[in-house]
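1. would you be able to build a 3D model of this:
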Amino acid sequence: MEGSLVRQAKSREYYDGGRDDMLKYIPQTAKRTLEFGCGFGEFSALLKRRLDAESWAVEVDETAAREASQRLDKVICADAHASLTHLPDDHFDCIVLFDILEHLVDPYSLLLAVQPKLTPHGVVVASIPNIRFYRTFLKFVLHGEWQYEEHGIMDSTHLRFFTRKSIIDLFEGRGYRIVTLEGIHPTTSRTYKLLNALLLNTFADVRYRQFAVVAAPCSGSRQ
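-> A predicted model of the protein is given here:
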């Protein structure tokens, strides 16, 4: 289906994970949150506790959705696009998209479709893998390898691949203003640091495994 969140059978570890690393990007004033692809609901449950938030989520895997529903206020078990008709407009202060957009056939239309679901000061918070990450970059540039894996940047269920520049295009091209765009989970490779220094910081974006994004709809762009 166009825009479907595609997932194969995965281990429990795939759906688990609190993503504490992304907590700092969530507005502390958010009182109603929505997370797409929540897995077992750990992160949204954390927001519910920390912010005293009303926490909603969308999860396509039935087993994960069932468990998440025990932790959160409302969980919709559906494809990302199919869930939209069940979500109220002008309701959420923060919509969470952690490692989701790369799984979609059409992430562009989803970013457009969620805009009316946000309150006037609402934001989208996303984490997106960086296909130019140093170790992945070496594999396909130096060694000519393009091999899918069980998880990570080359996860076999990824349908889209992004760089820092294409992330900017992804959001700005859909009527968003980027509030924050930061690299997260950097490589510790000394070789990378030397190479980037020699190239006058030209490969700065290659350092990061993922990018964290906070974006808000531009004035007049909400449908």
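
2. let me know the pLDDT of the residue most central in space within the chain.
-> Of all residues in the chain, the one closest to the mean position by Cα atoms, centre = their mean is Phe98, 2.7 Å from it. For Phe98, the pLDDT comes out at 97.

3. again with Val141
-> What the model reports for Val141 is a pLDDT of 85.

4. one step back: okay, and the beta partners of the residue nearest to the centre of the chain?
-> Note on Phe98: beta-bridge partners Ser127, judged by DSSP bridges.

5. repeat that for Thr33.
-> Listed by DSSP bridges, the beta-bridge partners for Thr33 are Ser55, Cys94.

6. quick one: residues contacting it.
-> With Cβ atoms under 8 Å, 6 or more residues apart in numbering as the criterion, the residues that contact Thr33 are 26, 44, 47, 51, 53-56, 92-96. C-beta: built from backbone N, CA, C; applies to glycine.

7. go ahead and confirm the residue nearest to the centre of the chain touches Phe43.
-> Yes. Between Phe98 and Phe43 a contact is recorded at 7.0 Å, counting by Cβ atoms under 8 Å.

8. residue contacts, His158?
-> 102-103, 129, 148.

9. from these, which single one is nearest Thr191?
-> Taking Cβ to Cβ as the measure, Pro129 is the one of the contacts of His158 closest to Thr191, at 21.3 Å.

10. is the closest one in a helix, a strand, or coil?
-> For Pro129, the secondary structure call by DSSP: H, G, I helix; E, B strand; the rest coil comes out as strand.

11. distance of the residue lying farthest from the centre of the chain relative to Val124?
-> Within the chain, the residue lying farthest from the chain centre (Cα atoms, centre = their mean) is Leu198, at 32.3 Å. Remark: distance between Leu198 and Val124 (Cβ to Cβ, to the nearest Å) = 37 Å.

12. ok but Leu84 is inside a helix, no?
-> Yes. Following the definition three-state DSSP, Leu84 is counted among the residues of a helix.

13. distance of Ile167 from Val124?
-> When Cβ to Cβ is the yardstick, Ile167 and Val124 sit 12 Å from each other.

14. swap that for Val214, please
-> 7 Å.

15. also His86?
-> When Cβ to Cβ is the yardstick, His86 and Val124 sit 18 Å from each other.

16. repeat for Leu199
-> Leu199 sits 33 Å away from Val124 when distances are taken as Cβ to Cβ.
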